[in-house]
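Trainee: only geometry, no sequence info:
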């Protein structure tokens, strides 16, 4: 059977950093990526990142992907398997991968799950019309394959993803007649919102899409105002002629394999759904299974990178690698993570992590 | 309101404006960053001490306008594209305005473009005086625009027709 000392599933910001930090400590890493290239969502991010120097602030996401990918591919301690999708967990530390149509079992000493998240969607009449996309799909079409999704795109969701993808659509020469947000306030960093607003894109808060219309493909959506209890206000319906509706209404952690492995899970809305219980250094309740990035709770890429570092260091430490430098490196990573989460925009994640701890205490 | 529309209030804009005395001395930075987010590249980009040290990465930028010479290096460093430079001393009724620009086409020097306010409305025709790159690793362009002085604190973007 294929053997991996540390098996890392997913090569987004968390998986790349986990691989590098574990391999730097001397552990042998096998990094598995479903796609044919490394980087996860980073490869589609054409905007400059926030954070500080440690998390590559001011650099564009795809540039960070290039840097980390090069470091991983040059690292003698990392073996990279691309086009390999993790299928399932089996007892005795085995995960099966689908590679080129074949099922390949891999046994591991430690596994770091960095599978990320999937997009949420929204149900309304005709929500399956061609022309209605998730924001991630629109980003993939534009920024990976260079294909425009349409000519006039309405964005549903004014979180960071919705607003950033709107900006990218404008950069690609696409018209964005509106960003529609059901919540009473914009969820995105306000600087992102101001950036699209001064290009003339209106942001409608407390509004949503109630239906889509079109013969073969999307031709228009009906939007409506919402009252204080999120109920449509009759008579406020408005038509919006668009050939694409882009849906950016949040993410859900991709936790199937963690469930399968028997990790203790809890439903924490602030973290995006079911997430695994974890120690302060990203160990799940199942020995030798670690987590990092959005699978542990939806957060920014900067935090995912630091979590990856922590998970990688800890997995290596528990296998006997890097015992001398562990405490110092973990302390530095924790400082970074605390700083990222400390401000008002970190409140949701702080609450989520608190609530997660509380569920564990209740259970005990 | 910023939280609902993406447009800062006039009060917010006024609060981050350098004093009239400082504006009268020459080019100076204006940082329209109104939300505490974990981000500090403006501070690390400035080598002159124009940004006061961040105690916490979530701090809002705090300025020492006396140390700023309006070089604009922070414009390309800001991931939020929230930094501008205004020079009110350029001419009697014209000011220079530096803005970040991440769209195609990048306007030609000497061309006339539309100057837009924070809501994307056209305020005036403006001339592009200078176009420079924010650095070899950074695709943001920094445009220097000649704008009517009365709009120096209102124009924040352009449209190239």
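Mentor: Happy to help now that I have it. All of these numbers come straight from a predicted model, not from anything done at the bench.
Trainee: Which parts of chain A belong to which domain?
Mentor: A:2-118+A:251-363, A:121-247 (automatic domain parsing).
Trainee: Throw those into JSON lines and include mean neighbour count, distance to chain B and mean pLDDT, thanks.
Mentor: C-betas here are computed from N, CA, C, even on glycine. Listed next are the domains of chain A as JSON lines, based on neighbours: other C-beta atoms under 10 Å in any protein chain shown; distance: least, C-beta to the nearest C-beta, whole Å; pLDDT from 0 to 100:
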{"stretch": "domain A:2-118+A:251-363", "mean neighbour count": "20", "distance to chain B": "3", "mean pLDDT": "96"}
{"stretch": "domain A:121-247", "mean neighbour count": "19", "distance to chain B": "3", "mean pLDDT": "97"}
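Trainee: Save those domains as CSV, and put in distance to residue B:55 too.
Mentor: Shown next, in CSV, are those (distance: least, C-beta to C-beta, whole Å):
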stretch, distance to residue B:55
domain A:2-118+A:251-363, 11
domain A:121-247, 20
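Trainee: So which of these is nearest residue B:80?
Mentor: domain A:121-247 (2.8 Å; C-beta to C-beta).
Trainee: Pull the distance from the closest one to the chain's centre.
Mentor: 20 Å (C-alpha atoms, centre = their mean, to the nearest Å).
Trainee: Also stretch B:148-161?
Mentor: Counting by C-alpha atoms, centre = their mean, stretch B:148-161 comes out at 11 Å from the chain centroid.
Trainee: what ranges do the helices span in the stretch 51-200 of chain A?
Mentor: Here the stretch 51-200 of chain A has its helices, by DSSP state H, counting those that start in this stretch, at A:61-74, A:135-139, A:160-171, A:190-197.
Trainee: among these, which is nearest residue A:216?
Mentor: helix A:135-139 (19.0 Å).
Trainee: what residues does that closest one touch?
Mentor: The set of residues external to helix A:135-139 that reach it, using C-beta atoms under 8 Å, 6 or more residues apart in numbering or on different chains, is A:41, A:44, A:119, A:149, A:153, A:155, A:157, A:161-162, A:165, A:168-169, A:244, A:246-248.
Trainee: One more: stretch B:132-141?
Mentor: Residues contacting stretch B:132-141 (C-beta under 8 Å, 6+ apart): A:48, A:58-60, A:63, B:75-77, B:81, B:100-102, B:106, B:131, B:142, B:144.
Trainee: Could you list the buried residues of it?
Mentor: B:134, B:138, B:140-141 (16 or more other C-beta atoms under 10 Å in any protein chain shown).
Trainee: quick check, nearest of the residues you listed to residue B:9?
Mentor: Of the buried residues of stretch B:132-141, the one sitting nearest to residue B:9 (C-beta to C-beta) turns out to be residue B:140, at 26.5 Å.
Trainee: which phi and psi does that closest one have?
Mentor: phi -70, psi 130 (degrees, to the nearest 10).
Trainee: try residue A:311
Mentor: Residue torsions, per degrees, to the nearest 10, at residue A:311 are phi -60, psi -40.
Trainee: go on, the one 3 residues further on?
Mentor: Listed backbone geometry of residue A:314 is phi -70, psi -40, with angles given as degrees, to the nearest 10.
Trainee: Isn't it up against residue A:288?
Mentor: No: at 10.7 Å, residue A:314 does not count as touching residue A:288 under the criterion of C-beta atoms under 8 Å.
Trainee: so what strands line up beside the longest strand seen in chain B?
Mentor: The residue-count maximum for a strand in chain B (DSSP state E) belongs to strand B:122-133. Sheet pairing here is set by DSSP bridges, and for strand B:122-133 it gives strand B:112-116 (antiparallel), strand B:141-148 (antiparallel).
Trainee: of all those, which lies closest to residue A:284?
Mentor: strand B:141-148 (46.1 Å).
Trainee: Following that closest one in sequence, what is the next regular element?
Mentor: strand B:157-159 (DSSP states H and E).
Trainee: so what secondary structure elements neighbour that next one?
Mentor: Counting contacts by 3 or more C-beta pairs under 8 Å, 6 or more residues apart in numbering or on different chains; DSSP states H and E, strand B:157-159 is packed against strand B:94-101, strand B:112-116, strand B:122-133.
Trainee: Apply 7 Å and report the result again.
Mentor: strand B:112-116 (3 or more C-beta pairs under 7 Å, 6 or more residues apart in numbering or on different chains; DSSP states H and E).
Trainee: what's the average pLDDT for the strand it packs on?
Mentor: Here strand B:112-116 scores 98 as its mean pLDDT.
Trainee: can you list contacts of it?
Mentor: For strand B:112-116, the surrounding residues in contact (C-beta atoms under 7 Å, 6 or more residues apart in numbering or on different chains) are A:198, A:200, B:107, B:122-128, B:145, B:147, B:151, B:155-161.
Trainee: The same query, at a cut-off of 10 Å, please.
Mentor: A:198-200, B:97, B:99, B:107, B:121-128, B:143, B:145-148, B:151, B:154-161 (C-beta atoms under 10 Å, 6 or more residues apart in numbering or on different chains).
Trainee: and it with strand B:94-101, angle?
Mentor: Put simply, strand B:112-116 runs at 80 degrees to strand B:94-101, going by axes from the mean of the first three to the mean of the last three C-alpha atoms, to 10 degrees.
Trainee: so residue A:56 touches residue A:13, yeah?
Mentor: Yes: between residue A:56 and residue A:13 there is a contact at 9.4 Å, judged by C-beta atoms under 10 Å.
Trainee: Can you work out which residues contact both of these two?
Mentor: A:42, A:49, A:64, A:68, A:301-302, A:305.
Trainee: Could you list which of those belong to helices?
Mentor: Cross-referencing these against helices under DSSP state H gives A:64, A:68, A:301-302, A:305.
Trainee: Closest one of the contacts of helix A:135-139 to residue B:37?
Mentor: Distance to residue B:37 across those (C-beta to C-beta) is lowest for residue A:161, with 15.6 Å.
Trainee: Skipping adjacent residues, who's closest to the closest one in space?
Mentor: residue A:248 (4.5 Å; C-beta to C-beta, 6 or more residues apart in numbering or on different chains).
Trainee: Just give the number of residues close to that neighbour.
Mentor: 29 (other C-beta atoms under 10 Å in any protein chain shown).
Trainee: for chain B, which spans come out with low pLDDT?
Mentor: B:136-137 (pLDDT under 70).
Trainee: which residues sit against the helix or strand hosting residue A:358?
Mentor: If you go by DSSP H and E, residue A:358 is part of helix A:347-363. The contact list for helix A:347-363 (C-beta under 10 Å, 6+ apart) reads A:187, A:264-272, A:275-278, A:285, A:296-300, A:303, A:337-338, A:340-343, A:346.
Trainee: Show me these that map onto strands.
Mentor: A:265-268, A:275-276.
Trainee: Test of understanding: give the bridge partners of the residue nearest the centre of chain B.
Mentor: Closest to where the C-alpha atoms of chain B average out (C-alpha atoms, centre = their mean) is residue B:84, at 0.9 Å. Residue B:84 has these beta-bridge partners by DSSP bridges: residue B:30.
Trainee: Chain A versus that one, what's the distance?
Mentor: 11 Å (C-beta to the nearest C-beta, to the nearest Å).
Trainee: just checking, that residue touches residue B:33?
Mentor: No: between residue B:84 and residue B:33 no contact is recorded; they are 11.0 Å apart, counting by C-beta under 10 Å.
Trainee: hey, what's in contact with both of these two?
Mentor: Counting by C-beta under 10 Å, 6+ apart, the shared contacts of residue B:84 and residue B:33 are residue B:78.
Trainee: ok so, going back, output the shared contacts of residue A:56 and residue A:13 as TSV; include the columns distance to residue A:218.
Mentor: Converted to TSV, the shared contacts of residue A:56 and residue A:13 look like this (distance: C-beta to C-beta, whole Å):
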residue	distance to residue A:218
A:42	29
A:49	32
A:64	34
A:68	37
A:301	30
A:302	35
A:305	37
